[in-house]
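Colleague: Here is my input, please return the structure:
(chains A and B)
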Number of protein chains: 2
Amino acid sequence: MEDKARIQEAIKIQGEVVRKLKSEKASKDQIDEEVAKLLELKAQLGDDGKHQFVLKTAKGTRDYNPKQMAIREKVFNTIIRCFKRHGAETIDTPVFELKETLTGKYGEDSKLIYDLKDQGGELLSLRYDLTVPFARHLAMNKITNIKRYHIAKVYRRDNPAMTRGRYREFYQCDFDIAGQYDAMIPDAECLKIVHEILSELDLGDFCIKVNDRRILDGMFAVCGVPDDMFRTICSTVDKLDKMAWEDVKKEMVNEKGLSEEAADQIGEYVSMKGGMDLAELLLQDQKMSQSKQACAGLSDIKLLFHYLQLFQVTDKVVFDLSLARGLDYYTGIIYEAVLTQAGVAPVPTETPQGAPAEESVSVGSVAGGGRYDGLVGMFDPKGRKVPCVGVSIGIERVFSIMEQKAEASAEKVRTTEVQVMVASAQKNLLEERLKLVTELWNAGIKAEVMYKKNPKLLSQLQHCEESGIPLVAILGEQELKDGVVKLRVVSTREEFDICRAGLLAEIRRRTSEA
Amino acid sequence: MEDKARIQEAIKIQGEVVRKLKSEKASKDQIDEEVAKLLELKAQLGDDGKHQFVLKTAKGTRDYNPKQMAIREKVFNTIIRCFKRHGAETIDTPVFELKETLTGKYGEDSKLIYDLKDQGGELLSLRYDLTVPFARHLAMNKITNIKRYHIAKVYRRDNPAMTRGRYREFYQCDFDIAGQYDAMIPDAECLKIVHEILSELDLGDFCIKVNDRRILDGMFAVCGVPDDMFRTICSTVDKLDKMAWEDVKKEMVNEKGLSEEAADQIGEYVSMKGGMDLAELLLQDQKMSQSKQACAGLSDIKLLFHYLQLFQVTDKVVFDLSLARGLDYYTGIIYEAVLTQAGVAPVPTETPQGAPAEESVSVGSVAGGGRYDGLVGMFDPKGRKVPCVGVSIGIERVFSIMEQKAEASAEKVRTTEVQVMVASAQKNLLEERLKLVTELWNAGIKAEVMYKKNPKLLSQLQHCEESGIPLVAILGEQELKDGVVKLRVVSTREEFDICRAGLLAEIRRRTSEA
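Modeller: Take a look at the predicted model:
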């Protein structure tokens, strides 16, 4: 009992905290976090009452309501249409993998992996991305070439309160080309796809930054960075999209112990942006040209731009030496698409971890990817490599931009596709309504009827207004006698008597117009 | 080291077991199970080598390859089209819920729930079905009426080896109507939907059995079953679709201790099948009419059949008193659709547990559902009820039937929708191919090009044959000079010279025909 009193006291205090935050109009995340603590305390009181449990979704997750789903469907359709236009197949993999499949693939982010409880049997973890399961699938089935997309949810035990707008369960939307092909052709197609998708989604102006892991490594080498510091210096360079060069340099020199001279040399290179011409210039660069690796990367950048010209997408692509994506498994070209238009609310993306997660890359980043020629070999018993290049669309970010746009727009988001409401003006016409709606359904027309014996005409019309149904087929004694249906156009309130035999054609005509 | 030797010995023996099973042509499941044991032993040897890990998906799960995905997409499209025709919205919920959300909803099947590891924070479990998260969503958002569908994966730690064709990760495909409406109208629409979907999927003849939880309970009461034995006797009745009445009776009398007299009376009722007439007959039945509950159920069955007549689906619906679905939460009408055509390979569905899982209901069962008016109230802090009725399509069973059909059919399942392959007959035409494929993509045509500088014409044509691409646009020096493209029809091997300006129109004409 004393224990209980203690918890009740804690609940009281926590209640005050929540009230205070609310009165101060604190951020939703902050309030949510404190409410969660409150609910946890309440849950500790045990099941005294029947309904003492916490009514919420798990931390960092959310339900999608019909409006969100309608937006999500539209976005997915646009993206899938593009993937299919480029001849991609699709696969699916289980939501959990053997724990060891994920082990050693994510560096220090491994601590964000969700493990399943050991209930006897295998040790399992929820997938952290779609790339590792893809590589496992290729190795397991000895697939040496495939062009596939995969849209599915992945799981990361990140701290959702610290990283607003990010969830512990979120979608990834990946397109990858696996196979031994001539250099830069599939790589260029990935960029073409990013270009097409971002254009079609109409998110405003964007820019696709391109670099190469080999150019970065070569640059580090010729600037005098010790070999074993490449990765850590690389992840500092990766912060250039959110930090000024001065601060990046400070981190390199003060925190990571790089010489100031080396840092300054890096600083010169990473300020460079351009196109094919810049790649050519750097191939002539006295220092850079000393690195074989860098030269290989620069030649490929030249080739890439050649193909991008043929694909008509060079208007948006920039060779940017400051791009340094975090993931360890990239071996060649890397890229990232960023929204550049003002008016797009930036999402803060500081992570508690050093290396940012793939979809948190930078303010405004909406797609990213690169070449990873070694990952499949990690799974193959004989280490056989399957070269891969891929791109991941930052779909959650796209959703939230589309949701913001929908909020701002006067147009209502429809959550159903119903074309006709079958209604009646008088009582006792349920049977007639059911007969008519059956006719419509059987003819493939999307139709609804109210589940009431005698609904009011007004409430039937209101439902149409609310859910955007364009037509109402109204039945009354007179209409039935005359063998007609009164068809009402919701937007204009016009009404026409249509003979029953011509109704289907009339509905089709009017709804295909819209 | 001794320990290691012991494991290596065990691996040797287990290897023999696997070889023996293979030579005896044992079932794939049996072999898979023993191979899994072998791999687990091998894994125990630890990471001596770099590639010592087990290359497999978690037990009871599988990847879907592109062919399976193509079939899955087709099935989903048919089902979603039907749901949308009936005006349904869709929602999504997280793959895991707070553990307590699932607690107390599944009876003894609760032991099949996957728990997540306690990594600090909330205790979580993978969803077991879509109905409980739906009810949680309604209560949490105080939604009192909605018509929604939800297609997503659910998780059950069942023994996949004992229940062939069943997986630990599988899709559910649910449609539910929540809200306070006039009796039997939404219930009838659920059956109309099952009728439409099964007809459109073209799975062969089917039958939809209907009963009511209140009729079952009333029947048990008037037959003299003690109140506290209703549930257990009900789950024995549920076995009538796979067991003879004699065996069911034996279980009631010998195992469950019911009097023989009561069992015989039940036996008489559960052999009854019919339509509205049977409901009327039973309303007059001397014994049955003594139960208020049974009478309420029988009146509703009558009303249901009245609406089903208007919906034109009575041809497939049977009022069957032996139908007794396992789930506890049903409160009214229950139903189940069964494939009746010979030639559909039955899937064995014995489960180690007493109550069969929802989608394992019976041989040939492809859909099931019912009314559950109490579930949402279990989540509402004030116990406010939201009446619900719904149906779940046994989509995994549908997939496997469609896969069997695809295997048996001469027609190849296409895994992409590519309309045109852009090919060249001569060398050094990569640039021209990339230019042309860009034109096609930009015009919204699904097109592919090989990622080689100089692919052989034969290998380009072979790729078309293999993946069912209907057209090839062939470029050569002569064609470029003449301003034409040679368009080849893969199926007939005909070739036409098409002027470049007319190419898009010609491709559209030829692919819309198909």
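Colleague: going forward, measure contacts and count neighbours with C-alpha atoms only.
Modeller: OK.
Colleague: which residues of the stretch 51-200 of chain A score low on pLDDT?
Modeller: For the stretch 51-200 of chain A, the stretches flagged by pLDDT under 70 are A:51-53, A:160-165.
Colleague: Chain A now?
Modeller: Along chain A, the parts satisfying pLDDT under 70 run over A:1-5, A:43-53, A:160-165, A:326-327, A:342-363, A:513-514.
Colleague: domain assignment for it?
Modeller: Structural domains assigned to chain A are A:2-44, A:66-408, A:420-513, following automatic domain parsing.
Colleague: tell me the most buried of those?
Modeller: Most buried of those by mean neighbour count (mean count of other C-alpha atoms under 10 Å in any protein chain shown) is domain A:66-408; its value is a mean of 19.
Colleague: near chain B, which residues of the stretch 151-300 of chain A show up?
Modeller: A:169, A:181-182, A:185-186 (C-alpha under 8 Å from any C-alpha of the partner chain).
Colleague: Please disregard the earlier target; I meant the stretch 401-514 of chain A.
Modeller: So the stretch 401-514 of chain A meets chain B at A:415-418, A:431, A:434-435, A:438, A:441, A:444-448, A:451-453 (C-alpha under 8 Å from any C-alpha).
Colleague: Please tell me I have it right and residue A:126 contacts residue A:155.
Modeller: Yes. Counting by C-alpha atoms under 8 Å, residue A:126 touches residue A:155, with 6.2 Å between them.
Colleague: And the strands in the stretch 1-150 of chain A?
Modeller: Using DSSP state E, counting those that start in this stretch, the strands of the stretch 1-150 of chain A run over residues A:89-90, A:96-98, A:124-126, A:146-155.
Colleague: Make JSON lines from those strands and add distance to residue B:232 to it.
Modeller: Below are those laid out as JSON lines (distance: least, C-alpha to C-alpha, whole Å):
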{"stretch": "strand A:89-90", "distance to residue B:232": "45"}
{"stretch": "strand A:96-98", "distance to residue B:232": "35"}
{"stretch": "strand A:124-126", "distance to residue B:232": "35"}
{"stretch": "strand A:146-155", "distance to residue B:232": "39"}
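Colleague: Between residue A:126 and residue A:155, which contacts overlap?
Modeller: A:113-114 (C-alpha atoms under 8 Å, 6 or more residues apart in numbering or on different chains).
Colleague: How about the contacts made by the residue positioned nearest the centre of chain A?
Modeller: Against the mean C-alpha coordinate of chain A, by C-alpha atoms, centre = their mean, the closest residue is residue A:395 at 1.9 Å. Going by C-alpha under 8 Å, 6+ apart, residue A:395 touches A:171-173, A:366.
Colleague: ok, it to chain B distance?
Modeller: Remark: distance between residue A:395 and chain B (C-alpha to the nearest C-alpha, to the nearest Å) = 16 Å.
Colleague: go on, residue A:407?
Modeller: Using C-alpha to the nearest C-alpha, residue A:407 is found at 19 Å from chain B.
Colleague: host element of that residue?
Modeller: helix A:395-408 (DSSP states H and E).
Colleague: Can you name the element that comes right after that helix?
Modeller: Following helix A:395-408 in sequence, per DSSP H and E, is strand A:420-424.
Colleague: just checking, what packs against that next one?
Modeller: helix A:430-442, strand A:447-449, helix A:457-467, strand A:471-475 (3 or more C-alpha pairs under 8 Å, 6 or more residues apart in numbering or on different chains; DSSP states H and E).
Colleague: would CSV of the ones you listed with distance to residue A:84 be doable?
Modeller: Output for these, formatted as CSV (distance: least, C-alpha to C-alpha, whole Å):
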stretch, distance to residue A:84
helix A:430-442, 30
strand A:447-449, 31
helix A:457-467, 32
strand A:471-475, 34
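Colleague: how about whatever residue of the stretch 351-500 of chain A ends up closest to chain B, what does it touch?
Modeller: Nearest residue of the stretch 351-500 of chain A to chain B: residue A:446, at 3.9 Å (C-alpha to the nearest C-alpha). Contact analysis of residue A:446 by C-alpha under 8 Å, 6+ apart lists A:417-420, A:440, B:84-87.
Colleague: Give me the residues contacting the host helix or strand of residue A:268.
Modeller: Using DSSP H and E, the element containing residue A:268 is helix A:260-270. For helix A:260-270, contacts defined as C-alpha under 8 Å, 6+ apart pick out A:219-220, A:223-225, A:245, A:249, A:252-253, A:320-322.
Colleague: Apply 6 Å and report the result again.
Modeller: A:223-224, A:321-322 (C-alpha atoms under 6 Å, 6 or more residues apart in numbering or on different chains).
Colleague: What's the first helix or strand after it?
Modeller: Following helix A:260-270 in sequence, per DSSP H and E, is strand A:273-274.
Colleague: Return the distance of that next one from the chain's centre.
Modeller: Here strand A:273-274 shows a centroid-to-chain-centroid distance of 28 Å under the convention C-alpha atoms, centre = their mean, to the nearest Å.
Colleague: Show me what that strand is packed up against.
Modeller: strand A:317-320 (3 or more C-alpha pairs under 6 Å, 6 or more residues apart in numbering or on different chains; DSSP states H and E).
Colleague: what's the next secondary structure element after the strand it packs on?
Modeller: Strand A:317-320 is succeeded, C-terminally, by strand A:333-339 (DSSP H and E).
Colleague: In CSV, list the C-alpha atoms belonging to the helix or strand following that next one.
Modeller: Once the chain leaves strand A:333-339, the next helix or strand it forms, by DSSP H and E, is strand A:365-371. Taking Å, rounded to 0.1, in the frame of the first residue of the first chain, the C-alpha atoms of strand A:365-371 are listed here in CSV:
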residue,chain,number,x,y,z
SER,A,365,17.5,15.2,-48.3
VAL,A,366,14.9,13.1,-50.0
ALA,A,367,16.9,10.3,-51.7
GLY,A,368,20.3,8.8,-51.5
GLY,A,369,22.2,5.8,-52.6
GLY,A,370,25.4,4.5,-54.1
ARG,A,371,27.4,1.5,-55.3
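Colleague: Restricting to C-alpha, output the very next helix or strand once past strand A:365-371 in CSV.
Modeller: Following strand A:365-371 in sequence order, the next helix or strand is helix A:375-379 (DSSP H and E). Output in CSV follows, covering the C-alpha atoms of helix A:375-379 (Å, rounded to 0.1, in the frame of the first residue of the first chain):
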residue,chain,number,x,y,z
LEU,A,375,27.9,-6.6,-49.5
VAL,A,376,26.6,-9.7,-51.3
GLY,A,377,30.0,-11.3,-51.0
MET,A,378,29.8,-11.0,-47.2
PHE,A,379,26.9,-13.5,-47.3
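Colleague: who touches helix A:375-379?
Modeller: So helix A:375-379 is contacted by A:135, A:139, A:383-386 (C-alpha under 6 Å, 6+ apart).
Colleague: just how off-centre is it within its chain?
Modeller: That offset, for helix A:375-379, works out to 25 Å (C-alpha atoms, centre = their mean).
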